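1. need coordinates for the following:
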Amino acid sequence: MMIHGKPRTVAVIGAGILGAAIAWQLSQRGIHVVIIEKGQPGEGASSHSFAWINAGAKEPIGYHNLNRRSLEMWTRFAAAIGDGGDPDNVGLRWGGKVSWESAPSAAEALVARVRQLQSWGYPTRLVDANELQVLEPALDVGTVAAAEYSPNEGQVEPQMVVDACLRRLRERDCEIEAGTEFYGFRQRDNGRIFGVETTSGGGDVDAVVLATGTDSTRLADLAGVNVPQARSPGVVIRTNPLPPLLHIVPVVYAPALGDGRREIHLRQCADGSMMIGEGDQESLAEDDSQGHADDLLERARRYLPGLKGAEAIPVPVGWRPMPLDGYPVVGFASEAPNLYVALTHSGVTLAPVLSQLAAQEICDGVLAEAVLGPYRPGRFAGLTSEDVASATHPRDAKLR
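-> Numbering: from 1, shown residues only. The predicted structure follows:
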């Protein structure tokens, strides 16, 4: 399903990093965009994201390649939305990611992962303890059983990206309705949407992009579209602003300390604060207490001594968008042919490519099936509520 003819007005519901990026791409094509955001732009999942740009942790190879394509688009995308064409205006920083393991079994898994990625042509490589220390001298790496360096990875500041997109949209006289609740579609008998209803009144539209993160399941259901999600709480903490601590490599994954607590990951934000989390990017956690924040900081300080004297600032638990099978949901819905769903856990990495492809599909009517075919909303059409209830992890979902 798709739109017949280029739309004139598109409502984009949701102003996180993905919604803002799609809105900007549509405006580049001459579309009048109306953004509807129930809170403040960027305050949802984007504000809790670790914001690591990567393709190394993505499987299978088709999904890996989608992320890698987007990773390689980030510099151009950032320059296009940045003030004066400056990518630094969105906090984009390259330099790669290092990770290492101290336990033999974990080291074996790391080596296997690097070898697999290398077989896919990804520029990651094994390094020894001496090179790891040279790559980031600020680290105290301790025992190193295996280590890797992925030089093409980086980080960005999602709020700065959202703000930049909105500045460009205002320059094109697009409408940004912040603090406006969306509560319904106006649909014809064939399911096509001709208007939206909001607390500010709503209006007529030619198409709708639904990019509301965790709210996508509830709002898609209003149009008769099934977009199930897994429950995915996550916790990160921040510190007070600090002088530059990571001088070469911006993203660090450090091993567990061997006392039952999980591994940690950290990066330094554009404002100087450190962002610290534990486990991997899919780890579930709901402890956003000061005690847990202090514990995460203490573990990070073990590997980054420059954190001595830093203050741990808890961040309320963040509910991450997580399609039930863990993969993006992108494209038109057959139940509402001009409703375009855009839902993904990897919104930071994927924003450039998904926004570009969404604009193509909406404006040109040419579907990028070779790239987005596996991620269409229709794959959930036959999923029952029992299937959803029985899924304890995204990969457990019983998809057709």
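2. name whatever forms a beta bridge with residue 35.
-> Assessed by DSSP bridges, residue 35 has beta-bridge partners residue 12, residue 176.
3. the closest residue to residue 21 other than its chain neighbours: helix or strand, and which one exactly?
-> Excluding the flanking residues, the one nearest residue 21 by Cβ to Cβ, 6 or more residues apart in numbering is residue 355, at 3.7 Å. Heads up, the C-betas are built off the backbone N, CA and C, glycines and all. If you go by DSSP states H and E, residue 355 is part of helix 347-364.
4. same for that helix, what does it pack against?
-> helix 17-28, strand 52-53, helix 61-81, helix 158-171, strand 207-210, strand 329-333, strand 336-343, helix 369-372 (3 or more Cβ pairs under 8 Å, 6 or more residues apart in numbering; DSSP states H and E).
5. tell me the first helix or strand C-terminal of the third one.
-> Going back to what we said before, that points to helix 61-81. Downstream of helix 61-81, the next assigned helix or strand under DSSP H and E is strand 93-94.
6. distance between that next one and the chain's centre?
-> Relative to its chain's centre, strand 93-94 lies at 16 Å (Cα atoms, centre = their mean, to the nearest Å).
7. what of stretch 306-321?
-> Distance, stretch centre to chain centre, for stretch 306-321: 18 Å (Cα atoms, centre = their mean).
8. next one: stretch 300-316
-> 24 Å.
9. got the contact list for the residue nearest to residue 117 when sequence neighbours are not counted?
-> The shortest distance from residue 117 to any non-neighbouring residue, by Cβ to Cβ, 6+ apart, is to residue 124 (5.0 Å). Neighbour list for residue 124: 56, 114, 117-118, 148-151 [criterion: Cβ atoms under 8 Å, 6 or more residues apart in numbering].
10. how close does the closest residue to residue 331 other than its chain neighbours get to residue 62?
-> Once flanking residues are discounted, residue 331 sits nearest to residue 376: 4.5 Å by Cβ to Cβ, 6+ apart. From residue 376 across to residue 62, the span is 14 Å (Cβ to Cβ, to the nearest Å).
11. those two: who's more crowded?
-> residue 376 (20 against 14; other Cβ atoms under 10 Å).
12. pretty sure the more buried one contacts residue 328?
-> No: taking contacts as Cβ atoms under 8 Å, residue 376 lies outside contact range of residue 328: 9.6 Å.
13. count of residues packed around residue 244?
-> Neighbours of residue 244 using other Cβ under 10 Å come to 9.
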